[in-house]
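In: Structure here, sequence nowhere to be found:
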Ligand SMILES: Cc1cc2nc3c(=O)[nH]c(=O)nc-3n(C[C@H](O)[C@H](O)[C@H](O)COP(=O)(O)O)c2cc1C
Ligand code: SF4
Ligand code: SF4
């Protein structure tokens with residue numbers, strides 16, 4: 001069996017993962033953004049292949065994804081790690097994924113770093129992964145499948161350093177404007193339950209991880225980060241995101 005295990009609040013990690021797996025035939029999705037799933041219910045065998053996809057947050061695997069990844073028991077199944085990142089850097093994300101997956105009993109045979117729209121400042125890498133990226137990611141998928149089918153289950157080396165980069169989260173949290181229709185979509189979709197169903201204009205700052213899902217999903221476009229904060233973040237990120245970046249395959 002092939003599985004896509006995806007934590008993708010704003011959808012870009014999922015788009016990249018689906019492009020890689022587009023040459024693999026059928027697969028089952030395990031959605032790590034769901035709050036109502038007992039992930040320990042899944043069982044695997046050595047023949048299974050799992051593509052794990054997460055965004056890089058501050059150069060790390062998002063903490064809630066780590067918590068949910070750790071519920072799965074690999075039993076020797078093969079794993080591929082994919083990180084999507086918004087042009088700054090993914091730093092230690094792939095190394096952290098390798099450590100988690102190995103500890104869970106998976107054998108990480110390949111990894112992918114995919115450029116993606118920066119979901120906090122969408123003007124950075126806007127629209128990525130685009131059609132050209134998806135073709136390149138599918139070519140990566142073909143090479144990964146060849147390794148998997150060859151029976152070569154050597155663990156892959158990925159970039160990153162220990163101790164990992166420290167990530168303390170983003171202090172800004174999205175809030176809703178008067179355009180909110182109280183439809184409840186954001187509350188139902190929030191990966192951490194930070195939007196109360198009875199009061200969806202608000203955000204619990206203690207729970208919110210600034211994943212931007214509610215901003216991307218709100219049909220009324222009512223949710224956003226404070227414009228001044230956003231402008232300051234954009235100015236800080238601009239020089240850090242300059243220069244060439246390419247999609248990468250590690251195999
Ligand atoms: C809280 C947060 C932190 C982020 N940190 C980084 C980062 O350190 N480096 C980077 O290049 N992109 C960073 N990004 C951009 C995301 O990695 C990128 O937009 C990713 O594709 C989002 O994935 P998703 O659409 O699956 O949620 C960050 C985005 C968010 C929301
Ligand atoms: S998705 Fe938008 S319109 Fe619907 S409750 Fe949330 S903020 Fe309001
Ligand atoms: S409230 Fe925060 S954690 Fe929840 S969807 Fe919005 S940005 Fe993500």
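Out: Looks like it came in fine. A quick note: this is a predicted structure, and the numbers were derived from the prediction, not measured. Ligands and ions are numbered 1, 2, ... in the order given.

In: could you point out which element follows the helix or strand in which residue 146 is found?
Out: For residue 146, the enclosing helix or strand under DSSP states H and E is helix 131-150. Beyond helix 131-150 on the C-terminal side, the first helix or strand identified by DSSP H and E is strand 175-176.

In: partners of that next one in the sheet?
Out: strand 223-224 (antiparallel) (DSSP bridges).

In: Residue 179 reaches residue 219, doesn't it?
Out: No. Counting by CB atoms under 8 Å, residue 179 does not reach residue 219; the two are 10.1 Å apart. For every residue, glycine as well, the C-beta is placed using N, CA and C.

In: for residue 156, phi and psi?
Out: In terms of degrees, to the nearest 10, the main-chain angles of residue 156 are phi -90, psi 150.

In: number of nearby residues for it?
Out: A count of nearby residues for residue 156, using other CB atoms under 10 Å, gives 19.

In: Can you check the pLDDT for it?
Out: As predicted, residue 156 sits at a pLDDT of 98.

In: And for residue 243?
Out: The predicted local confidence for residue 243 comes out at a pLDDT of 88.

In: a helix runs through it, doesn't it?
Out: No. With the criterion set as DSSP: H, G, I helix; E, B strand; the rest coil, the secondary structure at residue 243 is coil rather than a helix.

In: quick one: it and residue 117, what's the gap?
Out: Going from residue 243 to residue 117 by CB to CB, to the nearest Å gives 17 Å.

In: more crowded one of these two?
Out: Regarding residue 243 and residue 117, a neighbour count based on other CB under 10 Å identifies residue 117 as having more, with 23 against 7.

In: from memory the more buried one sits against residue 125, does it?
Out: Yes. Using CB under 8 Å, residue 117 makes contact with residue 125 at a distance of 5.2 Å.
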